[in-house]
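In: Mind folding the following:
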Amino acid sequence: MSVRRRSLLDDAIDQIGSTHPAPTDSPPRAAAPKEGTDFLTRRGAAFDEIVRTVKTPTIKLKPDECSIWPGNARDYEALTYDRCETLVESIIKEGRNREPAVVRRTPGAEKPYELIVGTRRHWSIAWCHANHHSEIDLVVRIEQLDDEAAFRLADIENREREDVSDLERARNYKNAIETFYGGVRQKMADRLAIPKQRLHELLQLAEIPDVIVGAYASPMHIKVHHAGKLLPLLRAHTTQLLLEHEAGRLTEEQAARRDASQPPIEAPQVLARLIAATVPKRGRPAKRPPLATTSGVAVGTLVSNHPTKGLVLKVMPGEPLSVDEILEALRPAIADAKFKKRSA
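Out: Next comes the predicted model:
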């Protein structure tokens, strides 16, 4: 039998219970982290406020008594039996979920509780109910948390879970920074006790569009460091079109491989092909993407874009267009032009 892996929350609760004196009329404040303290110490101090609230009795609920809080990083709709198989089998064997999920009451809502932490546990027990194990209930703790505290609590748990993808976490952070922290990165980094550079890298990943994510066999495969290589290419119109074209080809190839029960194209190869698609072939100029209107009507092509020789466009509309429509199609190429700066 494998040794139970304790969550960060449970470890923090045990530590607080053994090192802090019994509460008086007003609970003691967490000591401010000293300069030079290590990362885990700073993170523990930042979440001391939350972990003080979770030593509560557990209760049993049916899965359909809980709605899923949308602020959690994990994409509930993306969960499958394959992703949860080990947990499902453990729950069936033990007749319960080992680690309680966390819910809060939602008076007046369609369902009486909202699940904050434990989406895989909830999904797995819902699967059990749909597959001849309706006797198994979801063990939960009820907490009183506002949305920002709920976000931080869920984030603690998700950092300990290897099956929460970088992309899920990145998009969750992108939403949270505007919702809870007024778009201020330093404020969010301090609140979560994570390095500001790490937060920056995750927010960069959140900018990668779905058309590029689709090139990977699974959203689980795209990593934080991929964003640093792809974003500069996505920000230039010419390379963006080439990148998106190659992503479309990869998406089709991945689907064909799935249908044929063949192994997928691995993430490193996907990244390499995306980048290579934007690099001019040796001995011949890179293929220029056509210039087109937003409705897809071809307007012409980009012939050359040189800092000293200037920008050359070939304009041959595929069908009658207004001057404004033609200019709008040419605007991205003009914006990306490599004009040599003239000295004053």
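In: can you give me the strands for this structure?
Out: With DSSP state E as the criterion, the chain has strands at 58-61, 66-68, 101-105, 113-117, 138-142, 290-292, 298-306, 310-315.
In: And the third one, what does it pack against?
Out: So the one you mean is strand 101-105. Other helices and strands packing on strand 101-105, by 3 or more Cβ pairs under 8 Å, 6 or more residues apart in numbering; DSSP states H and E, are strand 113-117, strand 138-142. For the C-beta atoms, the positions are set from N, CA and C on the backbone; glycine is no exception.
In: And the last one, what's buried?
Out: By neighbour count, with 16 or more other Cβ atoms under 10 Å as the criterion, the buried positions of strand 138-142 are 138-141.
In: Around the closest residue to residue 187 other than its chain neighbours, how many other residues sit close by?
Out: Nearest non-adjacent residue to residue 187, counting by Cβ to Cβ, 6 or more residues apart in numbering: residue 181, 4.7 Å away. Residue neighbour count, defined by other Cβ atoms under 10 Å, stands at 19 for residue 181.
In: Begin at 30 from now on, thanks
Out: Sure, I'll start counting at 30 from here, so that last one is residue 210.
In: Can you pull out the low-pLDDT segments for the stretch 80-229 of the chain?
Out: Scanning the stretch 80-229 of the chain for pLDDT under 70 picks out the ranges 80-85, 191.
In: sorry, back to before: could you redo the helices and strands packed on strand 130-134 as CSV and give each row distance to residue 125?
Out: CSV is the format used below for the helices and strands packed on strand 130-134 (distance: least, Cβ to Cβ, whole Å):
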stretch, distance to residue 125
strand 142-146, 16
strand 167-171, 5
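In: For residue 180, find the nearest of those strands.
Out: With distances scored as Cβ to Cβ, the stretch of the helices and strands packed on strand 130-134 nearest to residue 180 is strand 142-146 (8.9 Å).
In: relative to strand 167-171, how tilted is the closest one?
Out: Interaxial angle, strand 142-146 versus strand 167-171 (axes from the mean of the first three to the mean of the last three Cα atoms, to 10 degrees): 90 degrees.
In: Return the set of buried residues in strand 142-146.
Out: 142-146.
In: circling back: tell me the one of the buried residues of strand 167-171 nearest residue 299?
Out: Closest to residue 299, out of all of those and judged by Cβ to Cβ, is residue 167, at 37.3 Å.
In: need the contact list for that closest one.
Out: Residue 167 sits next to 89-92, 95, 126, 130, 147, 150-151, 154 when contact means Cβ atoms under 8 Å, 6 or more residues apart in numbering.
In: again with residue 212
Out: Neighbouring residues of residue 212 by Cβ under 8 Å, 6+ apart: residue 206.
In: What distance do you get for it to residue 256?
Out: Counting by Cβ to Cβ, to the nearest Å, the gap from residue 212 to residue 256 is 19 Å.
In: what does residue 241 give?
Out: In terms of Cβ to Cβ, residue 241 sits 10 Å off from residue 256.
In: In terms of position in space, what residue lies nearest the middle of the chain?
Out: Nearest residue to the geometric centre of the chain (Cα atoms, centre = their mean): residue 197, 2.4 Å.
In: what sits against that one?
Out: Listed by Cβ under 8 Å, 6+ apart, the contact set of residue 197 reads 102-104, 248.
In: can you check residue 214 too?
Out: By Cβ under 8 Å, 6+ apart, the residues touching residue 214 are 206, 225, 228-229, 232.
In: May I ask which two of those residues are separated the most?
Out: Using Cβ to Cβ, those reach their maximum pairwise distance at 206 and 225, which is 11.8 Å.
In: quick one, which of those two is more surrounded?
Out: residue 206 (20 against 12).
In: Distance of the spatially closest residue to the more buried one that is not a sequence neighbour relative to residue 141?
Out: Excluding its sequence neighbours, the residue lying closest to residue 206 (Cβ to Cβ, 6+ apart) is residue 217, at 5.1 Å. The gap separating residue 217 from residue 141 is 31 Å, by Cβ to Cβ.
In: Those two - which one has more neighbours?
Out: Between residue 217 and residue 141, residue 217 has the larger neighbour count (other Cβ under 10 Å), namely 21 against 14.
In: Might one say that the more buried one is in contact with residue 205?
Out: Yes - counting by Cβ atoms under 8 Å, residue 217 does reach residue 205; the two are 7.0 Å apart.
In: joint contacts of the two?
Out: Between them, residue 217 and residue 205 share no contacting residue under Cβ under 8 Å, 6+ apart.
In: returning to that earlier point: so which of residue 241 and residue 256 has more stuff around it?
Out: Set residue 241 next to residue 256 and count neighbours by other Cβ under 10 Å: residue 241 wins out with 26 against 23.
In: Spit out the contact partners of the more buried one.
Out: By Cβ under 8 Å, 6+ apart, the neighbours of residue 241 are 259, 263, 272-273, 276, 303.
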